[in-house]
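Engineer: Sequence and predicted structure below; questions after.
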Amino acid sequence: MSKKQEPGAPVRATIRDVASAAKTGKTSVSRYLNGEKDLLSDALKERIGRAIALLDYQPSQMARSLKSGQTRLIGLIIADITNPYSVEVMRGVEAACRQQGLTLLVCNTNNELDQEKHYLQLLSSYRVDGIVVNAVGMREAAISTLQQANLPMVLIDRKVANFACDVIGLNNVEATQMMTDHLLQQGFDALLFISEPATINTRFDRLRTFLQRMQQSPQHIAEQGEIEISNTDGLDNLLREFIARHPDKRKAVMCVNGTLTLQVARAMRRLGIVWGQDIGLSGFDELVWAELAGVGITTLKQPTYEMGVAALGQLVARIQGNTDPVKDLEFSGELIARGSTAAR
């Protein structure tokens, strides 16, 4: 039994109505709507376009997805939407989706494993065509659940052991060498690389490259320190001890990411240490406030927007059946030198 139209409710136009108004068949209208306009004459395309506008026809996405087997929905899972890196990546993915007529569903897990599992189930129930995972800040346990989702997937900024998946990220070797060379060229004698625990490949690659580069300059001092982002006392002690060990050296700190750069800047303020005067300060990720903090903080800018665009492009290729071996697409960063690392 068909559902009756509610009295006074607007009547929704159907594809049959469009075909009738355009004086053509439903097949031609369907071709117009499905991007096969090259099969239609210019006059027919114009008539169909006018009819759609006149009737305010809205295609049923559900019906189209049932017929094509694709929903044209893309899922984006973000571990921490407050992270500026994540926001820029999201902008790139969304812009690329819009350009290709795709709809983006954004899920912020807030670094909670239960939320990760919930969103994976949710995206699967919506039958998304694929998922982009911005893995910045995401725990390994959470990432492992992604392998259970039998969907095309692209990871951003994270490689996962035994997980065959396309990865988009920064060329960490090139970027770390660039920043290390900058500090050495600016006359710093003792460098401290501060990282959160190097449990993920991005942090490990940056730390390893830093140490390898410093081995080529044995006359300089290279130190490393690992600290949990919430351990403010530990961070204060790390900085105090580094400074105390090298009283007669020009010292500089390199931070593994933007979140840690902020915490190091706060620690220096607590300790009365002035970057650009008492010590050098630099960090990965460009931060909106970096140029406004004191004399400015030197950063390594990542093309995060472009990474988001590239991630969506690679995901669409997989959705369309590309079976090439998985690949890592690495982007070059840009060093933005400011007063925190100025030469004397």
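Structural biologist: Sure, I can see it. Residues are numbered from 1 along each chain as shown.

Engineer: quick one: Gln263 and Ser230, what's the gap?
Structural biologist: 9 Å (C-beta to C-beta, to the nearest Å). Bear in mind the C-beta positions are built from the backbone N, C-alpha and C, glycine included.

Engineer: more neighbours, these two?
Structural biologist: Gln263 (20 against 8; other C-beta atoms under 10 Å).

Engineer: Flag every buried residue along the strand or helix carrying the more buried one.
Structural biologist: Using DSSP states H and E, Gln263 sits within helix 258-271. For helix 258-271, a neighbour-count test (16 or more other C-beta atoms under 10 Å) marks Gly258, Thr259, Leu260, Thr261, Leu262, Gln263, Val264, Ala265, Ala267, Met268 as buried.

Engineer: Just give the nearest non-adjacent residue to the fourth one, would you?
Structural biologist: Going back to what we said before, that points to Thr261. Spatial nearest neighbour of Thr261, chain neighbours left out: Gly283 (3.2 Å); criterion: C-beta to C-beta, 6 or more residues apart in numbering.

Engineer: just the second one next, same as before
Structural biologist: Using C-beta to C-beta, 6+ apart and skipping the chain neighbours, the partner closest in space to Thr259 is Ile229 (6.1 Å).

Engineer: got it, and the fifth one?
Structural biologist: Nearest in space to Leu262, with sequence neighbours left out and distances taken as C-beta to C-beta, 6+ apart, is Leu287 at 7.1 Å.

Engineer: Hmm, Leu260 and that neighbour touching each other?
Structural biologist: No: at 11.1 Å, Leu287 does not count as touching Leu260 under the criterion of C-beta atoms under 8 Å.

Engineer: Need the three-state assignment for the residue nearest to Thr261.
Structural biologist: With DSSP: H, G, I helix; E, B strand; the rest coil as the basis, Gly283 sits in strand.

Engineer: sorry, back to before: dump the buried residues of helix 258-271 to CSV, plus pLDDT.
Structural biologist: Formatted as CSV, the buried residues of helix 258-271 follow (pLDDT from 0 to 100):
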residue, pLDDT
Gly258, 90
Thr259, 88
Leu260, 93
Thr261, 95
Leu262, 94
Gln263, 96
Val264, 97
Ala265, 97
Ala267, 97
Met268, 97
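
Engineer: Return the closest of those with respect to Asp42.
Structural biologist: For the buried residues of helix 258-271, the closest approach to Asp42 (C-beta to C-beta) belongs to Gly258, at 52.2 Å.

Engineer: distance of that closest one from Thr209?
Structural biologist: From Gly258 to Thr209 the distance is 18 Å (C-beta to C-beta).

Engineer: Spatially nearest residue to the residue most central in space within the chain (excluding sequence neighbours)?
Structural biologist: Compute the mean C-alpha point of the chain, and by C-alpha atoms, centre = their mean the closest residue is Val89, 3.5 Å away. The shortest distance from Val89 to any non-neighbouring residue, by C-beta to C-beta, 6+ apart, is to Gly308 (4.3 Å).

Engineer: Tell me how far the strand or helix carrying the one you found lies from the chain's centre.
Structural biologist: Taking DSSP H and E as the criterion, Gly308 maps to helix 304-319. The chain centroid and the centroid of helix 304-319 are separated by 10 Å under C-alpha atoms, centre = their mean, to the nearest Å.

Engineer: And for stretch 21-38?
Structural biologist: Distance of stretch 21-38 from the chain centroid (C-alpha atoms, centre = their mean) equals 38 Å.

Engineer: Mind listing what's buried along it?
Structural biologist: Within stretch 21-38, the residues that count as buried by 16+ other C-beta under 10 Å are Ala21, Ala22, Thr24, Ser28, Val29, Ser30, Arg31, Tyr32, Leu33.

Engineer: that older thread, how far away is the residue nearest to Thr261 from Arg98?
Structural biologist: Distance from Gly283 to Arg98, by C-beta to C-beta: 32 Å.

Engineer: per-residue confidence for Val136?
Structural biologist: Note on Val136: pLDDT of 59.

Engineer: And Ala13, by the same measure?
Structural biologist: pLDDT for Ala13: 82.

Engineer: picking that back up, and the average pLDDT for the helix or strand following the helix holding Gly308 is what?
Structural biologist: Next helix or strand after helix 304-319 toward the C-terminus (DSSP H and E): strand 328-331. Computed over strand 328-331, the mean pLDDT rounds to 94.

Engineer: what's next to strand 328-331, contact-wise?
Structural biologist: Residues from elsewhere that reach strand 328-331 (C-beta atoms under 8 Å, 6 or more residues apart in numbering): 159, 166-171, 302-303, 306-307, 310, 314.

Engineer: Note down every partner strand of it and its orientation.
Structural biologist: Strand pairing for strand 328-331, determined by DSSP bridges: strand 166-170 (parallel).

Engineer: Kind regards, and thank you for your time.
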